[in-house]
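Trainee: Sequence and predicted structure, then a few things I'm wondering about:
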Amino acid sequence: GAGVSQSPSNKVTEKGKDVELRCDPISGHTALYWYRQSLGQGLEFLIYFQGNSAPDKSGLPSDRFSAERTGGSVSTLTIQRTQQEDSAVYLCASSLVVMNSYEQYFGPGTRLTVT
Amino acid sequence: GENVEQHPSTLSVQEGDSAVIKCTYSDSASNYFPWYKQELGKRPQLIIDIRSNVGEKKDQRIAVTLNKTAKHFSLHITETQPEDSAVYFCAADGTASKLTFGTGTRLQVTL
């Protein structure tokens, strides 16, 4: 079936504006993860969902970042009052369940540029 | 929490040679160690993984070794080909329900 999809693929926004990034996981996957990848850097964990609940929000960089998941499917990552340091590729991944021995399937990412 | 260090950050090898990437982790409770490959402009994809009950796993030209005592694991690619050029990430699961990734190794296979 279809893989993980993300939208938009690219987003350019002005500093101070809010942005919403969307992730559609693989159908039937209960676990969903958000990561941030800055240029030439590794994968920085932001938050994960088991179903609609987010047991671990420890990776969110500040209170300007929030995420939700509805219906156990689509997730939205919201960044309020964007700053230039928020510029990065935001990757979403899903896996069958929240057990780390299950492969995480990544989406293509959203490249966010804050001007 | 878990901390994963990865070396080297860049690696250049000639086609046909072997490449080795090494990672160390901090949380002795980690049991799952995947490796992801990310080609330029593409999404990361799992290439191989190992669990703590085995010391080595092979899949064609790729192998991963794990030393739980020393808390390090390595990726070995033999007979490298140009299509192996990519960024490789190691990860460990720690005690939380998430993966902690290394900072990546950019592998360049030259002709």
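Mentor: Yes, it's here. Numbering: from 1, shown residues only, chains lettered A, B, ... in the order given.

Trainee: wait, what's in contact with A:Ile79?
Mentor: A:18-19, A:21, A:64-65, A:86, A:112 (C-beta atoms under 8 Å, 6 or more residues apart in numbering or on different chains). Backbone N, C-alpha and C define where each C-beta goes, glycine included.

Trainee: Which residues of chain B lie near chain A?
Mentor: B:1, B:6, B:31-32, B:34, B:36, B:42-46, B:49, B:51, B:89, B:91, B:93, B:96-104 (C-beta under 8 Å from any C-beta of the partner chain).

Trainee: now those: which count as buried?
Mentor: Buried subset of the residues of chain B next to chain A (neighbour count, 16 or more other C-beta atoms under 10 Å in any protein chain shown): B:6, B:31-32, B:34, B:36, B:43-44, B:49, B:89, B:91, B:93, B:96-104.

Trainee: now the strands: where do they sit in chain A?
Mentor: Along chain A, counting by DSSP state E, strands occupy A:5-7, A:10-13, A:19-24, A:31-37, A:44-50, A:53-56, A:65-69, A:75-79, A:88-95, A:105-106, A:110-114.

Trainee: Chain B too?
Mentor: Using DSSP E, strands in chain B cover B:4-7, B:10-14, B:19-25, B:32-38, B:45-51, B:56-59, B:62-67, B:72-77, B:86-92, B:100-101, B:105-110.

Trainee: residues in contact with the closest residue to A:Phe106 other than its chain neighbours?
Mentor: Nearest residue to A:Phe106 in three dimensions, chain neighbours excluded: B:Arg43, at 4.1 Å (C-beta to C-beta, 6 or more residues apart in numbering or on different chains). Contacts for B:Arg43 (C-beta under 8 Å, 6+ apart) come out as A:4, A:91, A:106-109.

Trainee: and of these, the nearest to B:His76?
Mentor: In terms of C-beta to C-beta, no member of those lies closer to B:His76 than A:Phe106, at 23.5 Å.

Trainee: what's the burial count for the closest one?
Mentor: 23 (other C-beta atoms under 10 Å in any protein chain shown).
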